[in-house]
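> Predicted model follows, preceded by the sequence.
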Amino acid sequence: MREMTERNKKLRLLYGAAFLVLMAVETLIALYVHDKVIRPYVGDMLVVLVVYCFVRIFVPVKVRLMPLYVFLFAACVEVLQYFDLVTLLGLSGSRFARIVLGSVFDVKDLACYAAGCLLLCVWERRPSVPREL
């Protein structure tokens, strides 16, 4: 098994911290923001960043197509909403399941996921900081 480098350990901690912060923001948005912009659009854009950071905790090295994989995952979850997955699983009475899995299919959500993944592509292509710093 490949030995984990010090850089990978730091990246895992960085992405773990980013995951926790973004998850807290998402939770606050879900609980307290009931507007027509932040919750439906920014919240959906941020959710792909949350998933990305979570995955990067376990895969700290850059994966060129990771933003695409995150988008495909989010799109699959959205399509499952079209088929009413929460009800199919017998969880329609669970508010938590409805929030996490979603309960309403919306094409605009796919556009928000795509926008979030475009931000991830920009993030992935940023110039890296020299190691001496």
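Okay, I see it. Residues are numbered from 1 along each chain as shown.
> Output the contacting helices and strands for the longest helix seen in the chain.
Ranked by residue count, the top helix of the chain under DSSP state H comes out as helix 6-32. Applying 3 or more C-beta pairs under 8 Å, 6 or more residues apart in numbering; DSSP states H and E, we find helix 6-32 packed against helix 43-58. Every residue, glycine included, has its C-beta placed from N, CA and C.
> Need the contact partners of the helix it packs on.
11-12, 15-16, 18-19, 22-23, 25-26, 29-30, 33, 66-67, 69-71, 73-74, 108-109, 112-113, 115-117, 119-120 (C-beta atoms under 8 Å, 6 or more residues apart in numbering).
> run the last query once more with 6 Å
12, 15-16, 18-19, 22-23, 26, 29, 70, 74, 109, 112-113, 115-117, 120 (C-beta atoms under 6 Å, 6 or more residues apart in numbering).
> which helices and strands does the very next helix or strand once past that helix pack with?
Of the helices and strands lying after helix 43-58 in sequence (DSSP states H and E), the nearest is helix 66-82. Applying 3 or more C-beta pairs under 6 Å, 6 or more residues apart in numbering; DSSP states H and E, we find helix 66-82 packed against helix 43-58, helix 107-124.
> Please save the CA atoms from the first one in CSV.
Output in CSV follows, covering the C-alpha atoms of helix 43-58 (Å, rounded to 0.1, in the frame of the first residue of the first chain):
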residue,chain,number,x,y,z
GLY,A,43,-27.8,25.8,-1.9
ASP,A,44,-27.9,23.5,-4.9
MET,A,45,-24.7,24.9,-6.2
LEU,A,46,-23.0,24.4,-2.8
VAL,A,47,-24.2,20.9,-2.4
VAL,A,48,-21.8,19.7,-5.2
LEU,A,49,-19.0,21.5,-3.4
VAL,A,50,-19.9,19.6,-0.2
VAL,A,51,-19.8,16.3,-2.1
TYR,A,52,-16.5,17.2,-3.8
CYS,A,53,-14.8,18.1,-0.5
PHE,A,54,-16.1,14.9,1.1
VAL,A,55,-14.7,12.8,-1.7
ARG,A,56,-11.4,14.6,-1.6
ILE,A,57,-11.0,13.7,2.1
PHE,A,58,-10.5,10.1,0.9
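> Cool, thanks, talk later.
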